[in-house]
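*Asks:* test case, fold it:
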Amino acid sequence: MTLPGQSSRIIVVVRNHIFHPKKSLLIPFCNVARYTHRIDLPNRDPEEWPLVAAFLHPSHYNSNKPRINQNNVDMLLPWFHDLQAMFLIKQCDKVYSQMINTSKAYARNQNQLQRAFQVLRCLLI
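*Replies:* Model prediction:
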């Protein structure tokens with residue numbers, strides 16, 4: 001519900017490209033939208049906005065839209081910081097944690113393989 005004098009849309013300016021998403025859709029995910037009617041993002045790529053906006057839309061969590069993953073987290077996280085989208089920042093942190101754990105597991109496996117190879121080499125000599 002829009003109060004008198006308030007617009008139901010917010011202006012998002014991304015490097016001189018103007019977008020007009022519904023303010024009510026952004027507010028649950030974007031703290032910045034609660035306090036302003038205009039968001040300026042001069043250092044962001046306007047071609048990325050549709051993907052970012054999909055994450056800010058509540059129906060995103062009930063559909064088959066893209067998820068935050070290791071392929072898009074580096075691009076999305078700065079946007080979410082600019083928009084103060086805390087829930088989505090936490091989702092990015094989870095993806096990074098998974099990536100770190102996977103990397104550590106890979107490193108452990110590599111070390112184990114190297115040790116096994118050294119043992120085999122010693123046995124063959």
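
*Asks:* which helix or which strand is home to the residue nearest in space to the middle of the chain?
*Replies:* Closest residue to the average C-alpha location of the chain: residue 76 at 3.6 Å, with CA atoms, centre = their mean. Assigned by DSSP states H and E, residue 76 belongs to helix 73-83.

*Asks:* buried set for that helix?
*Replies:* Of the residues in helix 73-83, those with enough neighbours to count as buried (16 or more other CB atoms under 10 Å) are 73, 76, 77, 79, 80, 82, 83. Quick note: C-beta positions are derived from backbone N, CA and C, even for glycine.

*Asks:* out of those, who's nearest residue 109?
*Replies:* residue 73 (23.2 Å; CB to CB).

*Asks:* just confirm that closest one contacts residue 96, I think it does.
*Replies:* Yes - applying CB atoms under 8 Å, one finds residue 73 in contact with residue 96, separated by 6.6 Å.

*Asks:* what about the helices in the protein?
*Replies:* Along the chain, the segments classed as helices by DSSP state H run 23-26, 31-35, 49-56, 73-83, 86-124.

*Asks:* and the third one, what's its mean pLDDT?
*Replies:* This means helix 49-56. For helix 49-56, the mean per-residue pLDDT is 88.

*Asks:* show me which residues of that helix are buried.
*Replies:* In terms of neighbour count (16+ other CB under 10 Å), helix 49-56 has its buried residues at 49, 52, 53, 55, 56.
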